[in-house]
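1. Please find the sequence and the predicted model below.
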Amino acid sequence: MQATRPPAPESMSKTPRPMDVAQTAQTAGVKRRRQSTRPSPPITLPLLSIQCAEHDIVNVHVMDVPTMGEGKGLTWIVQSRPEIQLGKRQHVVLKTNAQRSGIGRLTSVADLRRHWVIFTVSGAPHSCNLRVPIPWAALDDLESFTHSKFYFTLPALPRPHAEFSSPIFTSDEENPYEFELGERAESRSERLIARITNADADRRTSRSKMTEGPDGRKGGSESDSSGHTSMRIIPGSLAG
């Protein structure tokens with residue numbers, strides 16, 4: 001009689017069972033999902049390193065995630081109302097729930113919007129900015145006059161801070177912000193804006209005179225499609 005070889009134990013079998021294959025695939029899928037949902041490390045606040053007396057510093061709580069495209073480098077956004085209004089030449093410490101920046105200084109206005117002003121911050125190895133809601137900003141006479149005079153031509157985005165969600169702040173028919181300016185301050189700001197505008201127009205006129213038109217005469221000032229001479233105010237020139 002020929003002896004019958006006993007079946008190999010399951011542990012020695014080379015062909016996996018269908019159930020084992022399904023369980024392995026399911027386990028791998030769970031691991032991939034866990035890896036993909038793992039939170040990204042937070043963006044580090046700038047390392048600001050200006051020396052300043054402690055009583056001159058304003059603590060500013062900012063959002064955890066900065067934005068880009070509003071001046072050079074990252075722009076940090078004020079999250080909650082600071083103890084005083086923020087303006088040029090002020091020393092600040094940026095804070096999140098987990099980080100602290102060190103001491104920096106607001107040096108100039110990088111951009112002016114309907115609902116925000118963007119200040120450049122000095123004291124860091126790389127350029128960075130701070131975006132402040134208009135009601136929480138201390139604008140000087142020229143900045144206040146510029147904001148009031150050109151309000152409806154300023155960019156409407158970003159939208160107002162969450163604390164200013166009333167429909168009046170998003171209206172295209174009314175300026176919700178008021179600044180107290182005396183007649184002398186208004187007149188001085190008007191003259192300064194005219195000088196900035198005329199200087200910009202003169203630069204463009206000088207450039208256009210370097211090219212000759214088809215009629216043999218040299219060009220004059222630049223015009224838009226409607227024939228109006230184009231002039232612009234440069235908020236970034238409002239330096240401290």
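-> Nice, thanks for sending it over.
2. Now Tyr177: closest residue in space, sequence neighbours ignored.
-> The shortest distance from Tyr177 to any residue other than its chain neighbours is 5.4 Å, reached at Ile134 (Cβ to Cβ, 6 or more residues apart in numbering). Using the backbone N, CA and C atoms, a C-beta is placed for each residue, glycine as well.
3. quick one, what contacts Thr75?
-> When contacts are counted by Cβ atoms under 8 Å, 6 or more residues apart in numbering, Thr75 is found next to Pro66, Thr67, Met68, Gly69, Ile118, Cys128, Asn129, Leu130, Arg131.
4. Pull the most distant pair out of those residues.
-> Greatest spatial distance among those (Cβ to Cβ): Gly69 and Leu130, at 14.8 Å.
5. Look at the two and report which has more neighbours.
-> For Gly69 versus Leu130, the count of surrounding residues by other Cβ atoms under 10 Å is larger for Leu130: 25 against 7.
6. wait, the more buried one sits on Val58?
-> No: proximity of Leu130 to Val58 does not meet the contact threshold set by Cβ atoms under 8 Å, at 10.8 Å.
7. Could I get the full set of strands for the protein?
-> 48-49, 57-61, 74-77, 91-95, 100-112, 116-122, 128-133 (DSSP state E).
8. TSV please, covering those strands and showing mean pLDDT.
-> Below are the strands of the chain laid out as TSV (pLDDT from 0 to 100):
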stretch	mean pLDDT
strand 48-49	92
strand 57-61	96
strand 74-77	96
strand 91-95	97
strand 100-112	95
strand 116-122	96
strand 128-133	97
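9. With respect to Leu154, which of the ones you listed lies nearest?
-> strand 100-112 (6.3 Å).
10. who does that closest one touch, helix- and strand-wise?
-> Strand 100-112 sits against strand 48-49, strand 91-95, strand 116-122, strand 128-133, helix 141-149, with contacts defined as 3 or more Cβ pairs under 8 Å, 6 or more residues apart in numbering; DSSP states H and E.
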